[in-house]
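Novice: With the sequence up front, the predicted model follows.
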Amino acid sequence: MLGAGVFGAAMTGIILDKTQAYKRLILICIAISMVAFMLIANNLLDGGTTAMLRLICFILGLVLIPVIPASLGLGIELTFPLQPSLVNGSMYMFAQIQTTLQGLTYSSVMDVDPTDYATAEEVNDVRKFRAMLCCGLYLFVILISFGCFVFVKEDLKRLHFKNTTKPEA
């Protein structure tokens with residue numbers, strides 16, 4: 001997943017350099033990641049293969065990890081002329097708070113005590129259900145971010161500023 005994310009970030013960087021279509025690219029990546037999480041939940045429900053789960057995680061890494069640098073780049077564009085370090089620092093601070101809260105929530109949901117169940121099969125069933133619940137919660141968070149992002153106006157102030165201030169030869 002991480003290797004796919006590095007490749008995906010490089011590819012999105014190339015695409016953004018050529019098109020400057022930050023919003024469209026991020027919305028496409030978020031939409032694909034929502035579908036991938038639904039496929040993961042379905043794979044857990046139906047007892048799918050590990051190979052299929054790995055393929056879905058590869059696709060998820062390919063589209064979800066590049067959202068971070070693309071979002072940071074768009075944040076710098078939208079908040080120009082503020083300092084990029086201030087913008088990135090603020091965005092990372094809120095991202096860290098959110099991911100910490102999500103991590104604590106998911107770890108408490110996934111905390112299963114095997115001694116509370118009679119058989120190993122019951123423990124596995126509870127773990128599968130809780131993993132699906134975590135996928136659902138994460139899908140909900142992604143859906144909220146997608147919904148909010150739809151209303152972001154793509155005003156590339158920094159790029160427009162560079163284009164208008166070029167000296168004529």
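Specialist: Arrived safely, thanks for sending. Please read these numbers as outputs of a predicted model, since none were measured by experiment.

Novice: separation between Phe140 and Leu133?
Specialist: 11 Å (Cβ to Cβ, to the nearest Å). Heads up, the C-betas are built off the backbone N, CA and C, glycines and all.

Novice: who's more crowded, the two?
Specialist: Leu133 (14 against 10; other Cβ atoms under 10 Å).

Novice: Surely the more buried one and Ser108 touch.
Specialist: No - proximity of Leu133 to Ser108 does not meet the contact threshold set by Cβ atoms under 8 Å, at 11.3 Å.

Novice: Check which residues of stretch 61-75 are buried.
Specialist: 61-67, 70-75 (16 or more other Cβ atoms under 10 Å).

Novice: Next one: Leu60 from Ile97, what distance?
Specialist: In terms of Cβ to Cβ, Leu60 sits 23 Å off from Ile97.

Novice: what about those two, which has more around it?
Specialist: Ranked by neighbour count (other Cβ under 10 Å), Leu60 and Ile97 place Leu60 first, with 21 against 10.

Novice: Using the three-state scheme, assign the more buried one.
Specialist: Secondary structure assignment for Leu60 (DSSP: H, G, I helix; E, B strand; the rest coil): helix.

Novice: Verify the contact between it and Met34 for me.
Specialist: No - with contact defined as Cβ under 8 Å, Leu60 does not count as touching Met34 (10.1 Å).
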